[in-house]
Structure formats: C-alpha cells, structure tokens
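A.B. asks: Only the shape, not the letters, is given here:
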Ligand code: NAD
Ligand code: MG
C-alpha cells in the first residue's frame with residue numbers, strides 16, 4: 001500500500017484528491033491529513049480514510065479536533081509546527097495543497113524526506129523556486145506539478161527534450177470579469193469576483209483568476225518549474241478552459257493538452273505518474289463543443305501580468321514580495337477595505353518600494369529570509385493602502 005499524506009486536505013484540491021483516493025481503498029494508507037478551521041470536515045475525512053494523524057493549522061482548535069476524533073485512535077495535533085511535523089512523517093506521496101505562502105515550509109519539510117511531492121501550492125515556487133528545487137535535488141525528492149496548466153505542459157513534454165522547446169503557452173479563462181467593461185471593474189464586489197465561469201476552486205484562487213493574479217503566479221511558476229526564459233512564456237485567453245497549455249517546439253509544432261476543466265485530471269496524473277490510469281473525469285465531445293476561441297490578454301484589464309514580468313526581471317526574493325503583497329491585498333479586498341483594482345495598484349507600490357531597496361531582494365534565498373521578506377511585504381501592502389487612501 002502506498003502511504004499518502006494530504007496537506008490542505010479540507011480545501012478544493014484536497015477534497016478532489018480524497019475523492020480519487022477513496023475510490024481505491026486498498027491501494028492507499030493515509031498517513032496524515034491537515035486542514036484549517038473546518039474541523040468537522042477534517043475529522044470526518046480522517047475517520048473515513050482511517051488516517052494516522054489529523055492536524056488543524058489553528059492552535060485554538062485542538063480540543064475540538066480531539067473531541068471529533070474521540071474513540072478512533074487517530075492522533076490529533078494543532079498549529080503551524082504540527083503541520084510541518086505532519087509533512088515529515090514518512091509517506092510515499094504527499095499532496096501540497098495548502099493555499100498561500102503558508103504551504104512553503106510544510107512543502108520543504110516533505111521534500112526533505114526525499115519523497116514525491118505533488119505540488120498544487122504554486123505560491124511556494126513563486127516565493128522560493130530556487131530553494132524548493134534545490135531542496136528536492138539535495139534530498140532526491142521528486143516534484144510533480146498539479147496546477148492544470150503545468151500538468152498539461154509536463155505531459156506535453158513526455159519524451160521530449162527541453163532544449164527543443166521554443167515557447168510555453170499557458171491558457172487563462174479570463175475569470176469572472178473577462179467581458180466586463182473596464183470602468184465597471186473598480187466597483188466589482190467580492191461576491192462577483194468569487195464565482196468562476198468554468199472551474200470550481202477555493203475562494204482565494206477564484207478571485208485571483210478574476211484579477212489574473214493567479215495567471216501571473218503561474219507564469220512565474222512556469223519559469224521556475226521548467227527552467228525556461230521569461231520571453232518563452234506566453235499567456236493566451238481561452239474562455240472555454242479546455243486547452244490547458246501548449247508547448248511550442250523548434251520545428252514549429254504545438255503540442256496541446258485538451259480536456260474538461262476538472263482538477264482530478266492533474267491530481268490523478270500526479271498520483272499515478274509515471275503511469276497513466278483511468279480517471280473519473282468527464283470526456284470531451286469536441287463535436288458538441290463545436291468551437292474553441294483564443295485571444296491575447298488585455299494588459300490594461302490585467303495589470304498583474306505586467307507585474308509578473310517585472311518580478312521575473314528583478315529575480316531574487318521579488319517573487320516572495322509579489323506573492324505576499326498580493327495575499328495581503330486579497331485579504332483587504334475580501335474584508336471590504338479596498339476595491340478590486342486597488343489590489344494590483346498596491347502590489348505595484350510594494351514592488352517599487354522593494355526595488356528601491358535592492359538589498360532585500362538580493363538577500364540569499366533561505367527559508368528565514370523568504371519568511372522575513374514575506375512578512376515585510378505584507379506590512380508594506382497595508383502601508384500602501386493607507387497612503388493610497390490618504
Ligand atoms: P482552498 O482555500 O480550497 O483550501 C486551502 C487548504 O489550505 C485548506 O485545507 C485550508 O484549511 C488550508 N490552509 C489555509 N490556510 C492555511 C494555513 N495558514 N496553514 C495551513 N493550512 C492552511 O484552496 P484550493 O483552491 O484547494 O487551493 C490550494 C492550492 O492549490 C493553492 O495554492 C492554489 O493556488 C492551488 N491550485 C488550486 C486549484 C483549484 O482548482 N482549486 C487549481 C490549481 C492550483
Ligand atoms: Mg492553474
């Protein structure tokens with residue numbers, strides 16, 4: 001039996017992962033499940049899957065988790081350190097599906113045990129790509145992409161030579177506001193930004209899809225994961241979300257990955273890799289689909305894409321600054337303290353402030369430096385909000 005752990009088990013990716021694992025109860029032994037505030041979900045899944053350990057990220061929820069697991073023999077733990085400890089428990093396959101920079105330290109702990117890490121948490125590559133890759137290399141761990149675009153690229157590259165790649169094209173649905181008039185965007189509400197036309201995902205990534213901050217993170221993720229140059233990465237708006245990515249080769253060929261928008265495809269590919277096995281995802285009937293459309297992204301609508309280019313030029317810890325300022329701006333938007341367009345404006349101000357203080361960005365990429373930079377960028381995002389209002 002394969003020993004598996006799911007970090008971020010109660011979220012959208014975590015639940016899709018559990019859906020696949022539950023279909024083959026004899027194939028997997030669940031080591032640990034981690035979650036956040038949804039104790040009922042965490043405990044129910046830990047019971048159903050017979051997990052060894054369940055961890056909530058919140059210290060003050062430990063009693064509640066213990067009560068919910070009473071009589072089962074399943075260990076309960078709480079807090080950020082306990083999540084990292086869960087990632088250290090020996091497992092053959094670990095899903096990294098915590099949202100945000102909070103996924104970085106547990107992901108690194110998982111890599112340090114030299115296992116296979118299925119990486120949905122794109123933020124860890126954005127914040128600390130070199131550190132993540134170096135940790136994997138040093139410990140002989142394997143990193144598999146779970147983001148749908150990156151899984152698509154990874155699949156298109158099977159049997160190919162990375163040196164024969166000319167460009168990588170990742171697609172974007174355009175999110176909730178792709179057809180809105182630009183002048184309406186400033187007044188977009190949290191509820192409006194939280195509904196995605198094609199994908200059913202967690203709230204934060206759904207809002208990031210509307211602003212294209214998600215795609216901006218994915219451009220940086222592409223650079224880190226596949227080691228290509230920024231100029232080789234293109235974003236293409238494709239409202240139907242059926243072509244997930246395309247790889248262009250030096251002979252002009254484009255290899256596309258086409259499939260229904262269902263994350264169990266990318267998760268299942270990472271779960272069964274290097275084999276390809278049957279998955280319970282909808283099959284596409286292209287005759288019924290009829291047409292697929294593509295267009296270039298409008299940078300006036302999506303300033304996040306331009307900012308991603310700046311971040312790649314800056315290098316060093318700029319990715320951590322970018323992600324943290326984005327996360328804090330997203331909190332501020334969700335809390336109703338800033339408007340939708342203010343998110344990009346604040347992130348840009350924070351990046352400018354870091355660029356003016358080159359020493360921060362150029363500090364060595366250690367976990368401590370990344371976390372310190374992350375903290376500072378969040379404070380600066382708050383300050384940028386106050387300045388903007390003042
Ligand atoms: P989600 O919000 O649905 O779930 C997030 C999970 O992380 C939950 O289990 C939550 O309890 C946990 N969590 C939140 N804050 C935490 C903290 N501080 N410490 C520890 N755990 C914490 O998010 P999601 O949509 O499943 O996304 C998870 C990751 O996968 C993100 O990095 C996202 O960008 C990426 N991703 C998601 C999708 C998707 O379809 N949902 C697609 C591609 C990539
Ligand atoms: Mg994606």
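C.D. replies: The structure has been received and is ready for your questions. Quick caveat, the model's predicted, so the values are computed rather than measured. Numbers count the residues shown, from 1 in each chain. Ligands and ions are numbered 1, 2, ... in the order given.
A.B. asks: Please identify which residue in the stretch 101-250 of the chain comes closest to ligand 1.
C.D. replies: residue 202 (2.6 Å; Cβ to the nearest ligand atom). From N, CA and C alone the C-beta is placed, and that goes for glycine too.
A.B. asks: do the same with the stretch 251-390 of the chain
C.D. replies: residue 263 (4.4 Å).
A.B. asks: Give me the nearest residue to that residue, chain neighbours excluded.
C.D. replies: residue 16 (5.0 Å; Cβ to Cβ, 6 or more residues apart in numbering).
A.B. asks: any idea how far residue 163 is from the one you found?
C.D. replies: As defined by Cβ to Cβ, to the nearest Å, residue 16 lies at a distance of 34 Å from residue 163.
A.B. asks: For the two, indicate the residue with more neighbours.
C.D. replies: residue 16 (23 against 6; other Cβ atoms under 10 Å).
A.B. asks: do you know how far that one is from ligand 1?
C.D. replies: For residue 16, the distance to ligand 1 (Cβ to the nearest ligand atom, to the nearest Å) stands at 7 Å.
A.B. asks: Please identify the helix or strand for that residue.
C.D. replies: helix 12-22 (DSSP states H and E).
A.B. asks: which parts of the stretch 1-150 of the chain sit against ligand 1?
C.D. replies: Counting by Cβ under 6 Å from any ligand atom, the stretch 1-150 of the chain comes close to ligand 1 at 8-14, 35-36, 57, 83, 97-99, 102, 120-123, 147-148.
A.B. asks: ok, back up a step: who's in contact with the residue of the stretch 251-390 of the chain closest to ligand 1?
C.D. replies: Neighbour list for residue 263: 12-13, 16, 146, 148, 199, 201 [criterion: Cβ atoms under 8 Å, 6 or more residues apart in numbering].
A.B. asks: What's the separation between the residue in the stretch 151-300 of the chain that ligand 2 sits nearest to and residue 126?
C.D. replies: Relative to ligand 2, the nearest point of the stretch 151-300 of the chain is residue 218 (5.4 Å; Cβ to the ion). Taking Cβ to Cβ as the measure, residue 218 falls 9 Å from residue 126.
A.B. asks: try residue 13
C.D. replies: Counting by Cβ to Cβ - residue 13 and residue 126 are separated by 16 Å.
A.B. asks: Over to residue 189?
C.D. replies: For residue 189 relative to residue 126 (Cβ to Cβ), the value is 27 Å.
A.B. asks: quick one: which of these two has more around it?
C.D. replies: Comparing residue 189 with residue 126 by other Cβ under 10 Å, the one with more neighbours is residue 126, at 28 against 11.
A.B. asks: on contacts alone, who are the packing partners of the helix or strand that contains that one?
C.D. replies: For residue 126, the host element (DSSP H and E) is helix 122-138. If contacts are counted by 3 or more Cβ pairs under 8 Å, 6 or more residues apart in numbering; DSSP states H and E, helix 122-138 sits against helix 104-112, strand 142-145, helix 213-226, helix 318-334, helix 367-389.
A.B. asks: ok, then the element right after the third one?
C.D. replies: It stands for helix 213-226. With DSSP H and E, the next secondary element past helix 213-226 is strand 233-237.
A.B. asks: same for that following strand, what does it pack against?
C.D. replies: Using 3+ Cβ pairs under 8 Å, 6+ apart: strand 233-237 touches strand 165-172, helix 213-226.
A.B. asks: got a list of what the residue of the chain found nearest ligand 1 touches?
C.D. replies: Closest residue of the chain to ligand 1, Cβ to the nearest ligand atom: residue 11 (1.8 Å). Residues counted as contacts of residue 11 (Cβ under 8 Å, 6+ apart) are 35, 97-99, 202.
A.B. asks: one more time with 10 Å
C.D. replies: If you count contacts by Cβ atoms under 10 Å, 6 or more residues apart in numbering, residue 11 has them with 17, 35-36, 38, 41, 97-99, 120, 201-205.
A.B. asks: Check residue 146 too.
C.D. replies: For residue 146, counting by Cβ under 10 Å, 6+ apart, the contacting residues are 13, 16-17, 95-97, 117-122, 154, 263, 266-271.
A.B. asks: For the nearest residue to it once chain neighbours are set aside, what are phi and psi?
C.D. replies: Nearest-residue entry for residue 146: residue 120, 4.0 Å, with adjacent residues in sequence omitted and distances by Cβ to Cβ, 6+ apart. Note on residue 120: its backbone torsions stand at phi -90, psi -30 [degrees, to the nearest 10].
A.B. asks: do residue 62 as well
C.D. replies: phi -60, psi -50.
A.B. asks: For residue 208, what is the enclosing helix or strand?
C.D. replies: Counting by DSSP H and E, residue 208 is found in helix 203-211.
A.B. asks: before we move on, what about residue 175?
C.D. replies: Applying DSSP H and E, one finds residue 175 in no helix or strand.
A.B. asks: shouldn't it be in contact with residue 209?
C.D. replies: Yes - the pair residue 175 and residue 209 passes the contact test of Cβ atoms under 10 Å, sitting 4.0 Å apart.
A.B. asks: gap between the residue nearest to residue 78 when sequence neighbours are not counted and ligand 2?
C.D. replies: Leaving aside its chain neighbours, residue 78 sits nearest to residue 62 (3.8 Å; criterion: Cβ to Cβ, 6+ apart). As judged by Cβ to the ion, to the nearest Å, residue 62 and ligand 2 stand 33 Å apart.
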